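Visitor: Here's a sequence, model it:
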Amino acid sequence: DSGVEAIAIKVACMGLSRKHLGLGLAALRPTLHRLNAEFGAHVCGEGGEFESFTLDCPLYARRIVVEETEVETHQDDDFAPVAYMRMLKIRTEVKG
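Guide: Numbering: from 1, shown residues only. Prediction:
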């Protein structure tokens, strides 16, 4: 375990949708590997398949907590919708 906690904040890939926004990348790992096998999507999002936001990692003195969000659909496509999660309210908290 790397100690990195990151969430998906934008999706733009066949097989990903609004429902994946805000999910941890660890939870998305099986889906990302399936999309790689089926469509050649890069599991790290290097082709623009998704964007992520790091909430916590060993380098951070405090962790980031997302309290309020909204989802914006940029392109409502049946095969590869483009949507992003806008963070309306965040805060930091002491670790541990």
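Visitor: For the rest of this, base every contact and every neighbour count on C-alpha atoms.
Guide: OK.
Visitor: I'd like the distance between the residue nearest the centre of the chain and Val94.
Guide: Per C-alpha atoms, centre = their mean, the C-alpha nearest to the average position across the chain is that of Ala8, at 0.5 Å. Counting by C-alpha to C-alpha, to the nearest Å, the separation of Ala8 from Val94 is 23 Å.
Visitor: With Lys10 instead?
Guide: 27 Å.
Visitor: Quick one: the helices in the protein, in order.
Guide: Counting by DSSP state H, the segments of the chain that form helices are 25-39.
Visitor: what ranges do the strands span in it?
Guide: 5-12, 50-56, 62-75, 82-94 (DSSP state E).
Visitor: export those to CSV and tack on distance to Glu38?
Guide: Listed next are the strands of the chain as CSV, based on distance: least, C-alpha to C-alpha, whole Å:
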stretch, distance to Glu38
strand 5-12, 16
strand 50-56, 16
strand 62-75, 22
strand 82-94, 19
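Visitor: among these, which is the most enclosed?
Guide: Of all those, strand 5-12 carries the top mean neighbour count, a mean of 22, counting by mean count of other C-alpha atoms under 10 Å.
Visitor: Report how many residues lie close to His33.
Guide: 16 (other C-alpha atoms under 10 Å).
Visitor: let me redo that: Lys19
Guide: 10.
Visitor: Alright, calling it a day.
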